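Chemist: Test case, fold it:
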Amino acid sequence: MSLGDHLREARRRLIIAVIGLAVGMVVAFIVTDSVIAFMTLPIDTINQQRGAEFAELMFTKISSGFNLRIRMALSIGLLLSAPVWLWQIWAFVMPGLTRKEIKYTIAFVAAAVPLFFAGGYVAVMVAPHVIEVMSSFVPEVGKNFLDSDYYYDFILKFVLVIGVSFVLPVFMVALNLAGIVTGKAMLRAWRIAVLVAALFAAVATPAADIGSMLLLAGILIVLYFIAAFLSMFFDRRKHRRRIAEGLDPDLPAA
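Modeler: This is a model prediction of the structure:
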């Protein structure tokens, strides 16, 4: 294909992706009431524990409600339309990839997407406990007024951070396949990995919520060891392949 053909193909793919995003945003805007109700379940729980109207979700501006729904429609619409725009990206770059690169890319996406959603699910389960614990420090004579924009940003960023942290082991395996790091090196660094996982869990969850911190740290540590053992398995395969080809297995592949 000529440069002009590539540009026209990219424009066509982009238009399809934007249409998919627009449809996803419309659907997401319709269901924002249900999403807001789900997001505010921790507030209802806090009110049941501390008394009615202890915690309230605030909309401080005339347009705050509309702005919140638009932001939610964009983020949820991106998620709902992901199959459309991901396919458009894949269909555009796939003709330029080798068969081996296509195989690795498919394996990477097949592992990364479920792990990201698993991380998001864990974040959704942990977030209410985080909010409840942090709200418990508000004195009995006070009230917890939660700004709607800040509250939504907290939930969204929390889900994204935990989701991305679950995908990190996939990047580690990708680095191993690229010959940058070995499985033995990952396994030797297990103490550092445990420390980093514990620190990350401690930062992502309040210190008073030990259960959520241990749950998150434990899952991250298990994922790290799975990535390390998978990398060692791939290293052994590469080692045997180089021996079969009559090459020095101790030298890096060209």
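Chemist: so where's the stretch 1-150 of the chain uncertain?
Modeler: Applying pLDDT under 70 to the stretch 1-150 of the chain flags the ranges 1-2, 50-52.
Chemist: try 80 this time
Modeler: Scanning the stretch 1-150 of the chain for pLDDT under 80 picks out 1-6, 42, 45-55, 93-98, 100-101, 104, 128-144.
Chemist: Sketch out the helices for it, chain order is fine.
Modeler: Taking DSSP state H, counting those that start in this stretch to define them, one finds helices in the stretch 1-150 of the chain at 3-30, 32-39, 41-50, 64-80, 82-93, 99-135, 148-177.
Chemist: The stretch 151-254 of the chain too?
Modeler: Going by DSSP H, counting those that start in this stretch, the stretch 151-254 of the chain shows helices at 183-188, 190-204, 210-244.
Chemist: Need these in a markdown table (columns: distance to Val23, mean neighbour count and mean pLDDT).
Modeler: To be clear about C-beta, it is placed using only N, CA and C from the backbone, and glycine gets the same treatment. Listed next are the helices of the stretch 151-254 of the chain as a markdown table, based on distance: least, C-beta to C-beta, whole Å; neighbours: other C-beta atoms under 10 Å; pLDDT from 0 to 100:
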| stretch | distance to Val23 | mean neighbour count | mean pLDDT |
| --- | --- | --- | --- |
| helix 183-188 | 42 | 16 | 88 |
| helix 190-204 | 33 | 15 | 86 |
| helix 210-244 | 34 | 16 | 84 |
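Chemist: what does the domain assignment say about the protein?
Modeler: Split into domains by automatic domain parsing, the chain comes to 1-96, 98-254.
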